[in-house]
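Engineer: pasted the sequence and its predicted model underneath.
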Amino acid sequence: MALVLALSSNTAPIIAQPRNINLIPERVCNKTQGRFKPLVFTTTPVVTSQSAVSQRVSNNDHRADEFTSTSPDTFSLEAAPISIPSLTNIALPPKLSDRKRVRSWAVILAALTDQDRQTCTLVSRTIRHAVYLSATHILTQKYHGRRLNQIMKLHPQNMTNMWPYLRQRRNEVAFWKHAFQNSWIGRYNSSLGIDPLSARLWASVDDEKQVVVALRFILTRLWFTLSVGTNEQDPSAWLKRTVEGAQEVVKGEIWAITIRDGNSLSEFYVLESTCEVIGRTLDAPQLEVYSSGLRADWSRYISSHTSVCAGPRNLITENIRWANYEEYDRGINRHWLRRISGECDVGLSKKVVAERYVLACVLANSISGRWMSSNQMAQEFAGLPSQVTLIAIRGGAPKINLYLPALLHSHHHVESVHFTTSKGVPLHPALAVIQTPAREYIILKDNGMQVGCEEDGVANVWMHVLGCDKNGIAVVRSK
């Protein structure tokens with residue numbers, strides 16, 4: 001795995017280059033030097049870490065290029081909580097008469113390279129202090145947003161060493177870019193010449209999960225393009241539009257995704273777990289797989305969860321309707337849920353994948369299109385004539401109905417989730433197998449959408465895109 005820097009408690013690193021070198025004040029007792037303590041280069045020990053994710057969470061002072069050893073097979077759209085590095089006051093401040101020039105120097109030094117700034121720290125206390133403060137200017141220029149504002153409120157900017165936090169933000173961007181570019185979906189986008197996200201989204205300036213949700217939207221958009229299709233002459237035209245922004249609307253459930261097409265911007269509302277579109281503004285691209293506008297039931301749900309006087313919050317999953325409540329909990333086998341509760345992180349991952357699959361399997365009108373009640377969707381799914389409900393007749397406020405088709409609950413209810421084949425061979429890291437009462441389905445772990453089944457295996461188009469065989473096992477591509 002990647003090598004990281006083990007920083008001792010008495011070091012005060014301010015730049016990331018060269019490797020394993022920090023700037024610390026030399027402890028000398030020469031009276032001719034007065035209070036000024038010259039800076040010297042010292043090396044710090046190097047230790048190995050356990051995983052790329054743990055690096056991102058617990059080690060905040062290592063270089064951004066140390067993520068380059070991340071294996072592409074470990075790419076997953078799961079946002080790990082990021083701890084804030086400890087920020088300390090800047091030692092050896094300049095004289096009061098020189099401090100008025102520090103901010104001006106900091107602005108100038110922010111435009112230099114790390115190597116040039118390292119050289120400047122040896123000039124004087126004033127310039128050294130300005131090098132420390134230049135981190136704040138770089139953060140303001142490249143990472144301005146809600147996350148940075150929260151940090152700024154807690155620490156005085158004229159005396160705080162912000163370089164550890166700046167390095168963490170750089171490492172975070174480098175991690176996601178490298179992991180994405182070396183993943184199967186990154187390679188596919190690269191083959192089309194697509195840069196899917198804006199620079200601001202890679203930095204997740206407002207929320208740590210911004211890049212995660214945006215990349216999941218890229219994945220779901222690709223699934224709809226390949227598996228459903230669009231009404232455009234160029235099937236890849238929809239894929240080439242840049243995701244410009246992602247803002248959380250309802251915590252943990254609904255996001256607003258902004259798409260740029262040339263000079264025009266369009267906004268879509270998506271579910272966080274699958275990134276399936278639930279509505280869009282009227283000026284969005286005319287794609288037949290999406291409805292126009294935000295439906296009344298979703299609009300009411302969002303308003304009830306974002307208004308100032310919002311009451312107790314109900315989750316979206318509480319609106320799921322499924323068959324056989326005795327054996328299944330929101331479409332997932334109760335016995336299996338009890339069994340995986342003792343599998344720690346693996347069990348939790350399986351449960352998350354199962355929940356995504358259930359949400360991806362609810363009937364289309366549950367998410368978008370014309371509003372229908374659960375009874376109407378059940379009748380239509382069974383081939384019976386649909387009946388108008390009393391709510392539609394009386395003009396009452398509709399509620400969200402996420403209907404999971406029953407049909408002897410044979411295809412859309414989860415018995416178990418597996419990350420290996422029946423012979424114990426690991427599946428492609430992007431895939432999982434869902435066991436239902438009728439058959440096995442092969443799905444994408446990150447959005448729960450189907451790419452194959454037990455009888456036919458993985459669809460040919462997805463075998464090519466993912467780089468796997470018919471059984472969902474990763475294959476090595478010949479260069």
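Structural biologist: On my side now, so go ahead.

Engineer: you'd agree residue 260 is in a helix?
Structural biologist: No - the assignment for residue 260, made by DSSP: H, G, I helix; E, B strand; the rest coil, is strand rather than a helix.

Engineer: hey, what's it bridged with?
Structural biologist: residue 242, residue 265 (DSSP bridges).

Engineer: so who does it touch?
Structural biologist: Neighbouring residues of residue 260 by Cβ atoms under 8 Å, 6 or more residues apart in numbering: 198, 241-244. Yep, even glycine has a C-beta here, placed from its N, CA and C like the rest.

Engineer: check those and tell me the two furthest apart.
Structural biologist: Using Cβ to Cβ, the contacts of residue 260 span at most 11.3 Å, a distance reached by 198 and 241.

Engineer: what helix or strand does residue 126 sit in?
Structural biologist: Under the criterion of DSSP states H and E, residue 126 resides in helix 125-142.

Engineer: buried ones in that helix?
Structural biologist: Buried residues in helix 125-142, counted by 16 or more other Cβ atoms under 10 Å: 125-139, 142.

Engineer: between the residues you listed, which is closest to residue 454?
Structural biologist: Top of the list for closeness to residue 454, among the buried residues of helix 125-142 and by Cβ to Cβ, is residue 142 at 48.4 Å.

Engineer: on that earlier part again, chain center to the helix holding residue 126, what's the gap?
Structural biologist: Mean-position distance between helix 125-142 and its chain equals 29 Å (Cα atoms, centre = their mean, to the nearest Å).

Engineer: again with stretch 439-450
Structural biologist: 19 Å.

Engineer: how about it: buried residues?
Structural biologist: 440-450.

Engineer: re earlier: give the rounded mean pLDDT of the helix holding residue 126.
Structural biologist: For helix 125-142, the mean pLDDT works out to 95.

Engineer: in terms of secondary structure, what does that helix contact?
Structural biologist: Applying 3 or more Cβ pairs under 8 Å, 6 or more residues apart in numbering; DSSP states H and E, one finds that helix 125-142 makes contact with helix 102-109, helix 114-120, helix 163-181.

Engineer: so which of those helices is the most packed in?
Structural biologist: helix 163-181 (a mean of 21; mean count of other Cβ atoms under 10 Å).

Engineer: output that helix as PDB, nothing but the C-alphas.
Structural biologist: Listed next in PDB are the C-alpha coordinates belonging to helix 163-181 (Å, rounded to 0.1, in the frame of the first residue of the first chain):
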ATOM      1  CA  TRP A 163      -1.300  23.600   5.900                       C
ATOM      2  CA  PRO A 164      -2.400  20.200   7.400                       C
ATOM      3  CA  TYR A 165      -6.000  21.000   6.400                       C
ATOM      4  CA  LEU A 166      -5.000  22.100   2.900                       C
ATOM      5  CA  ARG A 167      -3.000  18.900   2.500                       C
ATOM      6  CA  GLN A 168      -6.000  16.800   3.600                       C
ATOM      7  CA  ARG A 169      -8.200  18.500   1.000                       C
ATOM      8  CA  ARG A 170      -5.600  18.000  -1.700                       C
ATOM      9  CA  ASN A 171      -5.300  14.300  -0.800                       C
ATOM     10  CA  GLU A 172      -9.000  13.900  -0.800                       C
ATOM     11  CA  VAL A 173      -9.300  15.200  -4.400                       C
ATOM     12  CA  ALA A 174      -6.300  13.200  -5.500                       C
ATOM     13  CA  PHE A 175      -7.700  10.000  -4.000                       C
ATOM     14  CA  TRP A 176     -11.100  10.300  -5.700                       C
ATOM     15  CA  LYS A 177      -9.700  11.300  -9.000                       C
ATOM     16  CA  HIS A 178      -7.100   8.500  -9.100                       C
ATOM     17  CA  ALA A 179      -9.600   5.900  -7.900                       C
ATOM     18  CA  PHE A 180     -12.200   7.000 -10.500                       C
ATOM     19  CA  GLN A 181      -9.800   7.200 -13.400                       C
END
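
Engineer: mind giving me the packing neighbours of it?
Structural biologist: Looks like helix 163-181 contacts helix 52-58, helix 125-142, helix 184-191, helix 199-202, helix 210-227 (3+ Cβ pairs under 8 Å, 6+ apart).

Engineer: those helices: which one's closest to residue 172?
Structural biologist: Closest among those, using Cβ to Cβ: helix 52-58, at 6.5 Å.

Engineer: wait, what's in contact with the closest residue to residue 356 other than its chain neighbours?
Structural biologist: Closest residue to residue 356 in three dimensions, ignoring its sequence neighbours and counting by Cβ to Cβ, 6 or more residues apart in numbering: residue 448, at 3.0 Å. Contacts for residue 448 (Cβ under 8 Å, 6+ apart) come out as 273-274, 353, 355-361.

Engineer: now with 7 Å, please.
Structural biologist: 274, 353, 356-357, 359-360 (Cβ atoms under 7 Å, 6 or more residues apart in numbering).

Engineer: among those, which are in strands?
Structural biologist: Judged by DSSP state E, strands contain none of the contacts of residue 448.

Engineer: which one of those has the most neighbours?
Structural biologist: Within these, neighbour counts (other Cβ atoms under 10 Å) peak at residue 357, which reaches 27 neighbours.

Engineer: wait, that one touches residue 414, no?
Structural biologist: Yes - at 6.2 Å, residue 357 and residue 414 qualify as touching, with contact defined as Cβ atoms under 7 Å.

Engineer: what do the two both touch?
Structural biologist: Joint contacts of residue 357 and residue 414 (Cβ under 7 Å, 6+ apart) are residue 434.

Engineer: measure residue 378 to residue 353 for me?
Structural biologist: Going from residue 378 to residue 353 by Cβ to Cβ, to the nearest Å gives 26 Å.

Engineer: no no, residue 214
Structural biologist: According to Cβ to Cβ, residue 214 and residue 353 sit 20 Å apart.

Engineer: tell me, what residue is most central in this protein?
Structural biologist: residue 212 (1.0 Å; Cα atoms, centre = their mean).

Engineer: would you turn the helices and strands packed on helix 125-142 into TSV with distance to residue 338 and mean pLDDT?
Structural biologist: Below are these laid out as TSV (distance: least, Cβ to Cβ, whole Å; pLDDT from 0 to 100):
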stretch	distance to residue 338	mean pLDDT
helix 102-109	58	93
helix 114-120	53	93
helix 163-181	34	93
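
Engineer: among these, which is nearest residue 475?
Structural biologist: With Cβ to Cβ as the yardstick, what comes closest out of those is helix 163-181 (20.0 Å).

Engineer: now that closest one, how far from the chain's geometric center?
Structural biologist: 13 Å.

Engineer: what angle separates it from helix 184-191?
Structural biologist: 80 degrees (axes from the mean of the first three to the mean of the last three Cα atoms, to 10 degrees).

Engineer: would you indicate which residues of stretch 456-464 are buried?
Structural biologist: 457-459, 462-463.

Engineer: my bad, stretch 346-365
Structural biologist: 347, 349-363, 365.

Engineer: sorry, back to before: mind checking which of the contacts of residue 448 land in helices?
Structural biologist: 353, 356-357, 359-360 (DSSP state H).

Engineer: quick revisit: could you export the helices and strands packed on helix 163-181 as TSV, including distance to residue 313?
Structural biologist: Output for the helices and strands packed on helix 163-181, formatted as TSV (distance: least, Cβ to Cβ, whole Å):
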stretch	distance to residue 313
helix 52-58	28
helix 125-142	34
helix 184-191	33
helix 199-202	27
helix 210-227	20
